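Undergrad: everything below, folded, please.
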Amino acid sequence: MERKRETKVGELIRRLKYNKSAVFGLIFVLILILCAILANYIAPNNPTPSPPELFKSLKPGFWSKHGIKGMPLGTDALGRCVFSRILYGARVSLSVGFIAVGIALLFGITFGTIAGYYGGWVDTIIMRIVDIMFAFPALLLAIVIVAVIGQGLDKTMVALGIVYTPQMARIIRSSVLYIKEMEYIEVQKAIGSSNWRVIFRHVLPNSIAPVIVYGTLMMATAILDCAALGFLGLGAQPPTPEWGAMLSKSYTYIVGGAWWAATFPGVAILFAVLGLNLLGDGLRDILDPRLKT
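TA: You can find the predicted model right below:
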């Protein structure tokens, strides 16, 4: 059994190495994680100096002779180092991604598995609630939830987790509906295995591949939605360095020539989402049994 498991892991690693999009995506994600972990050591400046150093306001970066030493990407309107705030903002984005997707996984897998496995009136009730939630645009529903429970980064994570739960529930339900009809599941029922044993030992382990793929893609969506809520002032509150909030506070300065204050946070969002999407697409190709040769 152990040797068989090692063989499967080796096969996944081999397929990963030959999937260029997954490798590039993994590199981007690892860089993002390292920036978040090592921000205290990499960042050249305090991302939230108090009081603000207004004499450094909107100074350019390394490309200009008028730049300030130690601030390679320039400064924002309050004289804060854009590079340092982007590094610390990676922590916020990763936290939102992991926690929001974690909430969606917890509730989505629970309700989706129950609906798919037991069927009947249980399935009907759960799926009708899911359909009602799908009737609202995701970002609009997140805005409504944040407006109800209050502003702040923690509230944003909860709101996004609730918004993503129906999507995860529907994905896991479709897998469970297929797997529960397999012959080995019928054998387990015939020998007297309890429903919970069948679910946790056989159904869930064989349903997890699409969840892993979609969870990775959902993290990219969470970063974008968090940035959108931050742009609207409903996400992370000042002076927390969050990429969407940085865009919201700086985009008006582009016309005045201080393009770097909004451009570099936007580029950070671009690369984070691109990396997660490439990794998710690569994992889909690797874990899809129909694509194995």
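Undergrad: which non-adjacent residue is nearest I33?
TA: Leaving aside its chain neighbours, I33 sits nearest to L94 (6.7 Å; criterion: CB to CB, 6 or more residues apart in numbering). Placement of C-beta: from N, CA and C, glycine included.
Undergrad: show me what contacts that neighbour?
TA: When contacts are counted by CB atoms under 8 Å, 6 or more residues apart in numbering, L94 touches L32, I33, A36.
Undergrad: and the residues you listed, which are buried?
TA: The neighbour-count criterion (16 or more other CB atoms under 10 Å) marks L32, A36 among the contacts of L94 as buried.
Undergrad: tabulate the contacts of L94 (JSON lines), appending pLDDT, secondary structure and distance to I208.
TA: Below are the contacts of L94 laid out as JSON lines (pLDDT from 0 to 100; DSSP: H, G, I helix; E, B strand; the rest coil; distance: CB to CB, whole Å):
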{"residue": "L32", "pLDDT": "90", "secondary structure": "helix", "distance to I208": "24"}
{"residue": "I33", "pLDDT": "91", "secondary structure": "helix", "distance to I208": "22"}
{"residue": "A36", "pLDDT": "90", "secondary structure": "helix", "distance to I208": "26"}
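Undergrad: tabulate the contacts of L94 (CSV), appending distance to P137.
TA: Putting the contacts of L94 into CSV (distance: CB to CB, whole Å) gives the following:
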residue, distance to P137
L32, 27
I33, 30
A36, 29
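Undergrad: average pLDDT for the longest helix anywhere in the chain?
TA: Looking across the chain with DSSP state H, the single longest helix is helix 82-118. Averaging pLDDT along helix 82-118 yields 91.
Undergrad: which of the contacts of L94 sits closest to S207?
TA: I33 (26.8 Å; CB to CB).
Undergrad: how far away is the closest one from I114?
TA: From I33 across to I114, the span is 33 Å (CB to CB, to the nearest Å).
Undergrad: go on, R201?
TA: 16 Å.
Undergrad: who has more neighbours out of these two?
TA: I114 (18 against 13; other CB atoms under 10 Å).
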